[in-house]
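> Give me coordinates for this.
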Amino acid sequence: MSRLHQEFARLYLPAAPTAPGALAEATELAALAPSEDAFGQVRALVIEVARPAQWAPLSALWRGVQADFGWPAPAIAVNGVDGLQLWFSLAQPVPHGQAQACVAGLRRRYLAVLRDGQVAAWPPAATLAPPRWLSVPVLREASGAWSAFVAPDLAAIFEDTPWLDLPPGAEGQASLLARSGSIAPAQWQAAMASLAAEFSESPMHAAPPGLAPAAAAEGTATDRHSPAATQARAFLLRVMEDESLPWAQRIEAAKALLAAG
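Below you'll find the model as predicted:
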């Protein structure tokens, strides 16, 4: 196993990959992609901004998780076609549904200014589709360009051309991944609690000042069916049903669901 494969497995793959040949080295730069274990748990989250690739909002997410949650900096990648990606590593695998809930929370907190069609995620959450281009590094045969992990100080220059024209070096890619760390269980739990609290405190049903009671009631009914409200309820429901989370956190999510109506 090459150093690149070792670093990728250290960060993003379950202890026992389920896909046959997940670490097979057909070439020196065999395409690598995250996978689930036999129990549907994952150790990787990927969030992509594409069509167009925009580093400014993704940078807010990259910096935000470090400042707000104390997470290690996620790896940054160009997808080789039309987008930029952040790759998050978990020290311990989490259930697929919990990972989806976290993705939804991060998207709402840091990327709300973007259209749904610009944001993709793995595992996909609610209205978000999975990235069309997930393996890194790999040659996109249609264009002859490469996906690759890139250094944080170079990410902005790839907004217009989110690809490499030449194959990235395996050692260089391994060195970039070697700088990345994994989110500790305590950091993960604290972030999930914070994101759940934000959903429960969101003023989804607040009427604007001076709005007549009848109009306020009508607006409330409409807000309950808005994409943001639907996404919030889906997030809280996943938290409430996730048996791997502390009871206190699940109870708070249930209270928030009842309050939302």
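
> in the chain, which ranges drop under the pLDDT threshold?
16-31, 126, 200-261 (pLDDT under 70).

> the helices in it, which residues?
3-12, 55-69, 96-110, 170-178, 185-201, 213-223, 227-241, 247-260 (DSSP state H).

> buried set for the lengthiest strand in the chain?
Longest strand of the chain, by residue count under DSSP state E: strand 83-95. Going by neighbour count (16 or more other C-beta atoms under 10 Å), the buried part of strand 83-95 is Gly83, Leu84, Gln85, Leu86, Trp87, Phe88, Ser89, Leu90, Pro93, Val94, Pro95. Quick note: C-beta positions are derived from backbone N, CA and C, even for glycine.

> how close does the first one get to Leu176?
Distance of Gly83 to Leu176, computed by C-beta to C-beta, to the nearest Å: 18 Å.

> Equivalent analysis for the fourth one, please.
Per C-beta to C-beta, Leu86 is found 13 Å from Leu176.

> cool, the fifth one as well?
Trp87 sits 10 Å away from Leu176, taking C-beta to C-beta as the criterion.

> shared neighbours, these two?
When contacts are counted by C-beta atoms under 8 Å, 6 or more residues apart in numbering, the set common to Trp87 and Leu176 consists of Ala75, Phe149.

> For Ala121, grab the count of nearby residues.
Ala121: 25 surrounding residues under other C-beta atoms under 10 Å.

> so it makes contact with Gly105?
No - with contacts counted by C-beta atoms under 8 Å, Ala121 stays clear of Gly105, the gap being 11.2 Å.

> how about stretch 161-179: buried residues?
Residues Pro162, Trp163, Leu164, Pro168, Ala170, Gln173, Ala174, Leu176, Leu177 are the ones in stretch 161-179 that count as buried (16+ other C-beta under 10 Å).

> wouldn't Leu32 be in contact with Phe8 here?
Yes - using C-beta under 8 Å, Leu32 is in contact with Phe8, at 4.6 Å.

> Compare those two and say which is more crowded by neighbours.
Using other C-beta under 10 Å, the more surrounded residue of Leu32 and Phe8 is Phe8, with 28 against 22.

> how close does the more buried one sit to Gly144?
23 Å.

> Could you tell me which residues make contact with Asn121?
In this structure residue 121 is Ala, not Asn. Leu45, Val46, Ile47, Glu48, Val103, Arg107, Leu128, Pro130, Pro131.

> Buried ones from the residues you listed, can you make that a PyMOL selection?
Buried residues among the contacts of Ala121 (16+ other C-beta under 10 Å), as a PyMOL selection:
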select buried, resi 45+46+47+48+103+107+128+131
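
> nearest to Leu154, of the contacts of Ala121?
Of all these, Glu48 has the smallest distance to Leu154: 17.5 Å, by C-beta to C-beta.

> doesn't Ala120 make contact with the closest one?
Yes - between Glu48 and Ala120 there is a contact at 4.4 Å, judged by C-beta under 8 Å.

> what do the two both touch?
Both Glu48 and Ala120 are contacted by Gly83, Pro131, under the criterion C-beta under 8 Å, 6+ apart.

> Kindly state the domain boundaries assigned to this protein.
Split into domains by automatic domain parsing, the chain comes to 3-178, 185-260.

> Now do the shared contacts for Leu86 and Leu176.
With C-beta under 8 Å, 6+ apart, Leu86 and Leu176 have common neighbours Ala75.

> Phi, psi for the closest residue to Arg51 other than its chain neighbours please.
Excluding its sequence neighbours, the residue lying closest to Arg51 (C-beta to C-beta, 6 or more residues apart in numbering) is Asp82, at 5.3 Å. Here is the backbone geometry of Asp82 (degrees, to the nearest 10): phi -150, psi 10.

> For the contacts of Ala121, give me CSV that also has distance to Gly70.
Below are those laid out as CSV (distance: C-beta to C-beta, whole Å):
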residue, distance to Gly70
Leu45, 16
Val46, 21
Ile47, 18
Glu48, 24
Val103, 19
Arg107, 20
Leu128, 25
Pro130, 28
Pro131, 26
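
> Trp87 - nearest residue in space that isn't next to it in sequence?
Ala75 (4.2 Å).
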